[in-house]
Every structure is written in C-alpha cells, then in structure tokens.
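Novice: For reference, the sequence and a predicted model appear below.
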Amino acid sequence: MNHVAIDLGASGGTVYLGSVTPSTFEVSEVHRFDNGPIERDGRYVWDVEALVDEIAAGLAAAADRADRVDTVGIDTWGLDFGLLADGELVRAPTSYRDPEVTATREDLFDSVGKRRLFEATGLTNWNTPNTLWQLHTIAAREPELLERADRLLLMPQLLSFLLGGRPAGEVTIASTTQMVDAGRRDWATDLLDELGLPTGLLPRLAEPGERLGRVDERFAPDPSAPLELLTPASHDTAAAVAGLPLSDDAAFLNTGSWFILGVERDEPVLTDAAFEHAFSNELGADDTVRFLKNVNGFFLFEECRTAWRAAGESVDYDHLLSAAERVDTGTALVDPDASCFSIDEPMPEQIRSYCRRTEQPVPTTPGAVTRCLLDSLVTKTALAFERLTAAVEGSPERIVLGGGGVRNELFCRLLADATGRPVTTGPVEATAVGNVLTQAVAVGTLPDVEAGRRLIGESFALETYEPSSSEAWEDAKERMRTLPAE
C-alpha cells in the first residue's frame with residue numbers, strides 16, 4: 001500500500017510517499033517547504049493556514065508519483081496546540097519558543113513542586129516550555145480564552161482536523177505535554193484538577209493507528225479517490241524511534257532542532273536517578289515508553305546559517321563542515337541548553353558573546369563557529385549518555401542515530417569518540433520512515449513495529465562509526481560541566 005507521511009518540524013516540513021509490502025519498504029521525498037514561528041500581535045505563532053496549503057501541495061505531489069495513495073498521517077514537534085470553539089480556532093497556536101509561555105513557570109513549580117510533576121507524568125522538562133506551562137499561563141493571564149474554547153488539539157491532530165478529519169488525541173504526542181500519566185497512558189486529570197486547569201477540553205487519547213476520516217475534497221488531489229487520515233505515531237520523535245533498527249542493547253539519538261537521547265522500556269522509569277538527572281518518560285508505539293533526555297540540538301546551528309545567509313556568507317553544509325574539520329577540537333564550547341540563546345538576535349554573535357563571557361577563544365569565522373557548535377553538541381550528548389547509563393539497568397552498547405545528523409560524517413565520528421560507543425546510522429529520514437511504518441501496521445500490511453524494524457534494517461543502507469580514543473573528550477566534558485546555563 002502507499003502512504004503519505006507529513007513530517008513537520010519547527011523549521012520546515014517535508015511530505016514523503018511511502019510504499020510498503022510485507023517484504024519491501026520504500027520512502028521518497030515529494031515536497032518540502034519552510035516553517036517557523038511568525039510574529040503576530042506581539043506573539044510568536046504558527047501559521048496553520050499556510051501549513052494546510054503546503055500539505056495540500058504535498059498531497060498533490062504524492063498523487064503525481066503513485067497510481068493510488070491509500071492513507072496519510074501527520075507527525076509534528078511536541079508541546080504546541082490550538083484551542084477551538086465551535087470548530088474554529090480561537091487564535092493562532094502559540095510557538096513554544098515564544099517568551100510568554102514561560103511567564104508563570106515558577107508559580108506552577110511553587111504550586112505543586114517538581115517532584116509531584118515528575119511522579120504524576122514521568123516528565124521533568126524543567127527548561128523545555130511544554131503544553132502544561134502554556135495552559136497554565138493562559139489560565140492565569142487570559143482565562144477568557146479557556147472559557148470560550150471547547151476543544152484543545154495538539155498540532156498533528158489540529159492539522160488533521162483542518163484537513164477534514166475528526167477531532168482526536170494520540171498518546172505519543174500527548175505524552176510531551178506534561179499532562180499525561182505515563183503509566184496509565186491517559187491524561188493526568190488529578191494533577192490538572194489540583195492546578196485548577198480545565199480537563200473538559202482534552203480529547204480522548206488513542207494509540208497510533210486510529211482512523212480519523214477522509215481528507216476534505218478541498219485538499220484531496222482526486223476527490224473521486226479520497227485519502228484516509230490516520231494517526232501515526234504523531235510525535236516526530238516517537239515516529240523517528242519507531243523507524244530506527246533498534247535492539248535491546250542500543251540507545252537511540254534522534255537529531256534535529258532538538259537532540260533526543262534515550263532507550264525504550266516497557267514501563268516508565270520513575271527512580272531518584274531519573275528525577276535528579278532530569279530524564280523523562282514519553283510514550284512510544286507498541287505500548288513502549290521512551291526514557292529520554294532532550295538536548296538543544298541543531299537549532300543553534302540553523303539559526304547561525306540563517307544569519308550567515310542574510311549576511312551573504314555561504315551556508316552550504318559541505319563548505320561549513322569542511323571548514324569546521326580544519327579547526328582543532330574543543331577550542332571553544334558553549335552549553336547548547338543555556339537560556340541566553342534566543343531567536344531575537346543573530347546567533348553567531350550570541351555564540352561569540354558567550355565565549356567572551358566565559359573567557360574562551362572567540363570563534364570568528366563560520367567554520368570556527370560550526371566546529372564550536374559540533375564539539376559542544378557531542379560533548380553535551382556524551383554527558384547525557386553517561387547519565388543515561390547510570391539511570392538504567394544495563395549500559396547501552398551502541399547508539400543508533402536518526403535525523404539530520406546521519407548525513408554529517410564529522411558529527412558521527414565526533415559522537416562515537418566522545419561517547420566511546422559505536423554509532424550506527426539509521427535512515428536519514430527516520431521520522432518519515434516511522435510515520436509510514438505505523439500507518440502500515442495500522443492497515444495490517446505489517447504485524448507490528450518490531451517486524452517493521454527488521455524490514456527497515458534490510459531495506460536501508462546502514463553505516464557504523466567505531467570510536468577511537470575518547471580520552472581527548474574527558475577535558476571537554478569537564479569544561480562543559482562548569483559552563484553557565486544562562
């Protein structure tokens with residue numbers, strides 16, 4: 001069968017056509033477009049009308065490539081949502097990078113405490129603005145919005161609804177909200193009641209594979225052959241992990257705007273070590289739990305490329321990576337998660353300012369800034385990997401990589417060295433592969449995710465980077481531990 005996977009990230013979207021049989025698995029890109037928060041009425045929001053138009057263009061492109069397209073599924077970043085009243089958006093969905101969403105964070109923490117949040121939801125996320133923070137801020141500052149609204153839909157289901165599907169909820173994306181009990185795989189209504197937040201807005205949660213109806217004829221490329229909307233694993237990381245050829249001895253690292261490092265488990269890990277090291281439990285396909293930690297990823301690098309493009313500099317990846325390889329390792333480091341990095345100012349100057357403030361050599365060229373960021377990302381990831389191995393039984397013996405980092409040979413080599421583990425690259429477009437896989441399971445082409453992973457391992461070229469000496473990275477990790485986080 002043929003499936004359309006719509007993969008939306010915080011900086012761009014891509015539409016893929018997937019063809020799956022019990023013995024073959026193929027995925028190809030058919031449409032790509034930019035995405036990003038726009039400023040409207042003093043807030044950073046998502047332009048959902050433009051996203052729907054681009055999705056419709058992608059559906060048409062997919063229809064041009066295949067004799068028949070059977071289903072379509074949308075995955076997105078986590079956290080953000082739209083409020084509906086009588087089937088209409090109350091206002092454009094706010095971006096999690098809007099400064100306003102953190103306005104009442106400390107009040108929220110004071111109200112119930114971080115430990116209570118962790119025990120109730122399995123998430124830490126003290127520095128990642130999530131749905132709970134946004135809803136809490138709205139309740140405190142704009143309660144009239146919640147009084148008007150009758151439905152809250154997270155971004156994948158909001159877009160499916162705007163395309164013609166029925167309102168729905170799905171567990172993998174919902175588990176990013178800090179509003180779901182990871183053990184029960186349902187909304188943490190006791191916590192929300194304690195915080196005075198409305199629960200009547202929340203949709204029923206379903207596992208991946210729920211059927212949502214047909215794409216409206218306004219957006220369907222061929223109204224005589226309507227597409228069926230499904231919920232895949234609709235959180236992009238859940239889809240990416242489903243699309244990686246994982247085994248029990250492997251950790252996963254999905255690389256994009258965020259890096260997500262973790263392991264799959266059958267139950268949430270709610271230990272003291274998990275809480276102390278700020279690990280979270282998000283839900284995956286096939287009743288799994290993804291025990292993981294977020295690191296701010298290629299977002300800083302992409303913001304630098306935006307600034308360099310505006311200044312007339314080359315932003316070609318090969319050019320930047322070639323220049324970066326000529327710079328010594330560990331010359332300068334930044335904490336990728338430092339709160340001082342924002343979308344309000346050109347990122348290269350923010351990097352240089354951080355290095356000046358921490359009395360390090362200041363990277364002056366795009367190549368030097370790129371090397372600084374790559375070294376910083378692998379060092380921070382290596383520290384997170386150390387904490388991961390301390391928090392779970394059995395140290396992962398290797399790392400399976402998905403996302404944009406798969407294409408970056410320098411990054412893969414540095415990561416293997418810094419962690420001291422072999423790094424195996426999964427599919428470059430692991431998220432789209434996992435989206436298609438969970439659609440194929442939903443329609444019965446594949447029996448389960450495990451069978452799909454075996455097929456993926458046979459269908460895609462995989463490469464393994466063996467570590468060389470990791471001793472040079474011990475100093476980098478020690479320096480990273482002392483860098484300011486603000």
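Specialist: Nice, thanks for sending it over.
Novice: Enumerate every residue touching residue 259.
Specialist: 253, 294, 295, 296, 297, 298, 377, 381 (CB atoms under 8 Å, 6 or more residues apart in numbering). Every C-beta, even on glycine, is put in place using the N, C-alpha and C of the backbone.
Novice: For it, give the beta-bridge partners.
Specialist: Taking DSSP bridges as the rule, residue 259 bridges to residue 255, residue 295.
Novice: Which positions in the longest helix along the chain come out as buried?
Specialist: Ranked by residue count and defined by DSSP state H, the top helix of the chain is helix 366-391. Of the residues in helix 366-391, 366-385, 387-389, 391 count as buried by neighbour count, 16 or more other CB atoms under 10 Å.
Novice: Please pull up the helix or strand immediately following that helix.
Specialist: Per DSSP states H and E, the first helix or strand lying C-terminal to helix 366-391 is strand 398-403.
Novice: tilt between that next one and helix 366-391?
Specialist: Put simply, strand 398-403 runs at 130 degrees to helix 366-391, going by axes from the mean of the first three to the mean of the last three CA atoms, to 10 degrees.
Novice: And strand 398-403, what does it pack against?
Specialist: Applying 3 or more CB pairs under 8 Å, 6 or more residues apart in numbering; DSSP states H and E, we find strand 398-403 packed against helix 236-242, strand 250-255, helix 409-419, strand 423-425, helix 430-443.
Novice: Pick the most deeply packed of those.
Specialist: Across those, averaging neighbours per residue (mean count of other CB atoms under 10 Å) puts helix 236-242 on top, at a mean of 32.
Novice: Residues contacting that one, please?
Specialist: In contact with helix 236-242 (CB under 8 Å, 6+ apart) are residues 7-9, 75-78, 172-173, 208, 232-233, 252, 254, 256, 258, 260, 262, 264, 282-286, 290, 292, 402-403, 430-432, 434-435, 437-438, 449, 452-453.
Novice: ok, of those, which come out buried?
Specialist: Buried members of these, scored by 16+ other CB under 10 Å, are 7-9, 75-78, 172-173, 208, 232-233, 252, 254, 256, 258, 260, 262, 264, 282-285, 290, 292, 402-403, 430-432, 434-435, 437-438, 449, 452-453.
Novice: ok so, going back, dump the contacts of residue 259 to a markdown table, plus distance to residue 220.
Specialist: What follows is the contacts of residue 259, written out as a markdown table (distance: CB to CB, whole Å):
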| residue | distance to residue 220 |
| --- | --- |
| 253 | 37 |
| 294 | 36 |
| 295 | 40 |
| 296 | 38 |
| 297 | 35 |
| 298 | 34 |
| 377 | 41 |
| 381 | 42 |
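Novice: what's the closest of those residues to residue 194?
Specialist: Nearest to residue 194 among these, counting by CB to CB, is residue 294 at 25.3 Å.
Novice: what residues are up against the closest one?
Specialist: For residue 294, the contacting residues are 125, 128, 258, 259, 260, 280, by CB under 8 Å, 6+ apart.
Novice: Return the per-residue confidence for it.
Specialist: As predicted, residue 294 sits at a pLDDT of 86.
Novice: How about residue 378?
Specialist: Note on residue 378: pLDDT of 96.
Novice: dump the residue contacts of it.
Specialist: Per CB under 8 Å, 6+ apart, neighbours of residue 378: 411, 414, 415, 417, 418, 419, 473.
Novice: Please tell me how far it sits from residue 408.
Specialist: 11 Å (CB to CB, to the nearest Å).
Novice: Is residue 263 bridged to anything, and to what?
Specialist: Beta-bridge partners, per DSSP bridges, of residue 263: residue 291.
Novice: helix or strand for residue 342, which one?
Specialist: Using DSSP H and E, residue 342 sits within no helix or strand.
Novice: quick one, phi psi at it?
Specialist: In terms of degrees, to the nearest 10, the main-chain angles of residue 342 are phi -140, psi 170.
Novice: count of neighbours near it?
Specialist: The tally of other residues near residue 342 (other CB atoms under 10 Å) stands at 11.
Novice: Also residue 482?
Specialist: 9.
Novice: pLDDT wise, what is residue 344 at?
Specialist: pLDDT recorded at residue 344 is 83.
Novice: State the distance from it to residue 44.
Specialist: Per CB to CB, residue 344 is found 10 Å from residue 44.
Novice: Between the two, which is the more surrounded one?
Specialist: Of the pair residue 344 and residue 44, residue 44 is the one with more neighbours under other CB under 10 Å, namely 19 against 8.
Novice: model confidence over the helix or strand containing the more buried one, on average?
Specialist: Here residue 44, judged by DSSP H and E, is contained in strand 43-45. Strand 43-45 shows a mean pLDDT of 94.
Novice: pLDDT below threshold where in the chain?
Specialist: For the chain, no stretch is flagged by pLDDT under 70.
Novice: where's the residue of it most remote from its centre, which helix or strand?
Specialist: Checked against the mean C-alpha position of the chain, the extreme residue using CA atoms, centre = their mean is residue 224, at a distance of 35.1 Å. Using DSSP H and E, residue 224 maps to neither a helix nor a strand.
Novice: where does it sit relative to residue 217, distance-wise?
Specialist: 9 Å.
Novice: Helices of the stretch 51-200 of the chain, residue ranges please.
Specialist: In the stretch 51-200 of the chain, the segments counted as helices under DSSP state H, counting those that start in this stretch are 105-112, 114-121, 131-141, 143-148, 155-162, 171-174, 189-194.
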